[in-house]
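>>> this one's structure only:
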């Protein structure tokens with residue numbers, strides 16, 4: 001059976017309506033059960049009386065049988081036996097004033113102890129207030145297959161004229177075609193039933209009143225608790241966590257309120273933590289965004305510096321290339337000077353003229369060594385700057401730092417060689433100038449000049465070698481600077497992305513903070 005419609009109807013009711021409906025149903029069930037048992041009691045009492053009446057009629061029927069046996073044995077005639085039986089039954093009483101009567105099948109009353117005027121009279125016309133032909137009904141019941149039955153009608157009590165309900169049992173005595181019967185008055189049954197009904201109604205009314213009182217208290221307790229829970233839940237749904245929940249009792253509603261109180265407190269603590277975290281996140285994201293902007297600016301500045309460094313490295317590469325070319329020319333000049341010094345003894349006559357050439361060459365070499373010294377100084381500064389930038393680049397600039405260190409070492413060696421060359425050239429110039437004044441001493445100093453020129457040749461060879469290594473190192477530095485510039489550009493792009501992400505994070509943190517601030521926590 002489908003009770004879905006009943007469930008839908010019950011779900012449409014409030015808790016208070018359901019409790020009232022349950023109380024009403026319980027009261028109706030109590031009334032129905034009380035009525036059922038009261039009716040059962042009435043039926044049992046009536047059945048008990050019917051059994052008693054039937055048993056007494058059976059006794060009267062046995063008296064008729066006893067008289068008929070006297071007739072059959074010849075002790076009495078039928079008339080005598082019938083008269084004996086009628087006298088015996090007329091005198092018989094039970095339960096106070098209850099009696100027997102006898103009639104035949106016509107129906108004609110043969111004996112009635114309290115209505116003697118009916119004796120010998122045709123009783124077919126006698127009816128009760130409801131119009132029932134009483135004695136005719138007695139005959140009909142007696143003629144049934146079982147030979148007897150009950151008849152309900154109204155008949156006055158002995159000594160009274162007002163008919164009252166009565167239940168009689170009649171049984172046919174076939175040998176004489178008589179009907180013997182007796183009954184009990186049922187008015188006391190009704191009185192007892194009504195008295196029991198009133199008592200039951202009073203008890204049921206008291207029980208219903210107690211039930212209603214208890215139901216009302218339960219309803220108020222449940223509804224108040226549920227209303228309080230609904231108010232708290234509605235306040236929470238409206239982002240208001242300031243509701244104070246007071247828990248009293250140990251019933252399920254109290255447990256529900258306690259759970260909602262704990263939920264509200266936990267939610268309050270959680271939202272406070274979320275609010276603090278959102279504020280901290282907003283502050284932190286703002287700092288991150290500011291730091292990223294500053295880092296982006298610094299990265300752009302670094303990228304610009306690296307571009308300038310790359311340009312300077314290109315210029316330095318050109319300068320070093322020129323320096324190498326000058327060193328090669330100086331080497332050739334030194335070689336020429338060596339040859340000239342070797343041949344000096346053979347061309348003493350040309351000493352003065354050659355001394356002028358040597359003076360000019362020495363001055364040119366001095367200028368070249370000054371250029372080399374300046375380039376070595378600039379290279380040393382650039383290598384130092386490159387080492388600083390490599391240190392800032394961290395792990396990615398380690399290789400660049402090694403190259404910068406090598407370049408710096410080469411630059412220092414070049415500077416040292418240039419200073420030594422400069423010193424030698426200055427000595428040579430002094431000697432050449434002194435040689436101009438002391439041409440006579442040319443032969444004596446020629447050996448020293450040759451040795452000095454050979455040393456210059458050796459130093460210039462070293463300068464040439466160092467300059468080649470310097471050129472290679474600077475080329476590597478240039479490659480490293482280009483790579484560092486590329487990586488810096490990538491870092492700048494990443495920093496811009498990080499700044500955008502930090503800004504988005506800050507906006508989301510502000511949105512989260514705005515959402516959390518909608519809740520009332522205090």
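Looks like it arrived, so ask away. This is a predicted model, so every value here is computed, not measured. Numbers count the residues shown, from 1 in each chain.
>>> Could you pull out the helices in the stretch 401-522 of the chain for me?
For the stretch 401-522 of the chain, applying DSSP state H, counting those that start in this stretch gives helices covering 442-516.
>>> do the chain as well
Remark: helices assigned in the chain by DSSP state H are 4-11, 15-73, 78-91, 134-142, 187-237, 252-342, 351-393, 398-437, 442-516.
>>> Ok, which of those helices comes nearest residue 104?
helix 134-142 (8.5 Å; C-beta to C-beta). Backbone N, C-alpha and C define where each C-beta goes, glycine included.
>>> Tell me the spacing between the nearest residue to residue 321 once chain neighbours are set aside and residue 379.
The spatial neighbour of residue 321 that comes closest, neighbours along the chain excluded (C-beta to C-beta, 6 or more residues apart in numbering), is residue 471 at 6.4 Å. Remark: distance between residue 471 and residue 379 (C-beta to C-beta, to the nearest Å) = 10 Å.
>>> about what we covered before: buried deepest among the helices of the chain, which one?
Most buried of those, by mean neighbour count (mean count of other C-beta atoms under 10 Å): helix 134-142, with a mean of 21.
>>> which residues touch it?
Helix 134-142 is contacted from outside by 103, 105, 107, 109, 123-124, 126-128, 148-151, 153, 155, 168, 170-172, 179, 181, using C-beta atoms under 8 Å, 6 or more residues apart in numbering.
>>> List the contacts of residue 21.
Residue 21 makes contact with residue 13, according to C-beta under 8 Å, 6+ apart.
>>> ok, of the contacts of helix 134-142, which come out buried?
For the contacts of helix 134-142, a burial check counting by 16 or more other C-beta atoms under 10 Å picks out 103, 107, 109, 123, 126, 128, 148-149, 151, 153, 155, 168, 170-172, 179, 181.
>>> for the stretch 1-150 of the chain, what are the low-confidence residue spans?
1-3, 42 (pLDDT under 70).
>>> Kindly recompute the last result at 50.
Counting by pLDDT under 50, the stretch 1-150 of the chain contains no low-confidence segment.
>>> And for the chain?
Checking the chain against pLDDT under 50 turns up nothing.
>>> Count residues in the vicinity of residue 130, would you?
For residue 130, the tally of surrounding residues (other C-beta atoms under 10 Å) stands at 11.
>>> For it, give me phi and psi.
Main-chain torsions, residue 130, degrees, to the nearest 10: phi -90, psi 0.
>>> Leaving out chain neighbours, which residue sits closest to it?
Nearest residue to residue 130 in three dimensions, chain neighbours excluded: residue 154, at 6.5 Å (C-beta to C-beta, 6+ apart).
>>> And for residue 305?
Distances taken as C-beta to C-beta, 6+ apart place residue 389 nearest to residue 305, at 7.8 Å, with adjacent residues excluded.
>>> separation between the one you found and residue 72?
Distance of residue 389 to residue 72, given as C-beta to C-beta: 154 Å.
>>> same thing with residue 22?
According to C-beta to C-beta, residue 22 and residue 72 sit 72 Å apart.
>>> give me the number of residues near residue 163?
For residue 163, the neighbour count with other C-beta under 10 Å is 15.
>>> Looking at strand pairing, list the partners for the nearest residue to it once chain neighbours are set aside.
Sequence neighbours aside, residue 154 is the residue nearest to residue 163 in space, at 3.9 Å (criterion: C-beta to C-beta, 6+ apart). Beta-bridge partners of residue 154, counted by DSSP bridges, are residue 165.
>>> my guess is residue 154 meets residue 126, correct?
No: applying C-beta atoms under 8 Å, one finds residue 154 not in contact with residue 126, separated by 11.7 Å.
>>> residues touching the residue nearest to residue 163, list them.
Contacts of residue 154 (C-beta under 8 Å, 6+ apart): 128, 129, 130, 163, 164, 165, 166.
>>> List just the nearest of those to residue 277.
Proximity of the contacts of residue 154 to residue 277 (C-beta to C-beta) peaks at residue 165, which lies at 89.9 Å.
>>> What is the neighbour count of the closest one?
Neighbourhood size, residue 165 [other C-beta under 10 Å]: 18.
>>> Next one: it from residue 428, what distance?
168 Å.
>>> where does the residue nearest to residue 163 sit relative to residue 336, distance-wise?
Going from residue 154 to residue 336 by C-beta to C-beta gives 173 Å.
>>> care to break this protein down by domain?
Split into domains by automatic domain parsing, the chain comes to 46-190, 300-510.
>>> Looking at those domains, spot the one closest to residue 213.
Closest approach to residue 213 among these (C-beta to C-beta): domain 46-190, 33.7 Å.
>>> end to end, how far does the closest one reach?
The first and last residues of domain 46-190 sit 10 Å apart, counting by C-alpha to C-alpha, to the nearest Å.
>>> quick one: contacts for residue 176?
Residues in contact with residue 176 (C-beta under 8 Å, 6+ apart) are 64, 68, 78, 82, 104.
>>> Can you report phi and psi for the closest residue in space to residue 68 that isn't next to it in sequence?
Ranked by C-beta to C-beta, 6+ apart and with sequence neighbours excluded, the top spatial neighbour of residue 68 is residue 175, at 5.1 Å. Backbone torsions for residue 175, taken as degrees, to the nearest 10, come to phi -60, psi -40.
>>> Among the contacts of residue 154, which one lies nearest to residue 403?
Nearest member of the contacts of residue 154 to residue 403, counting by C-beta to C-beta, is residue 165, at 133.6 Å.
>>> From residue 141, how far off is that closest one?
On the measure of C-beta to C-beta, residue 165 and residue 141 end up 17 Å apart.
>>> Could you check how far the residue nearest to residue 35 when sequence neighbours are not counted is from residue 194?
Closest residue to residue 35 apart from its sequence neighbours, by C-beta to C-beta, 6+ apart: residue 200 at 7.7 Å. For residue 200, the distance to residue 194 (C-beta to C-beta) stands at 10 Å.
>>> Next: residue 32.
For residue 32, the distance to residue 194 equals 19 Å [C-beta to C-beta].
>>> Check residue 297 too.
Distance from residue 297 to residue 194, by C-beta to C-beta: 107 Å.
>>> go on, residue 491?
For residue 491, the distance to residue 194 equals 107 Å [C-beta to C-beta].
>>> Many thanks, I have nothing further to ask.
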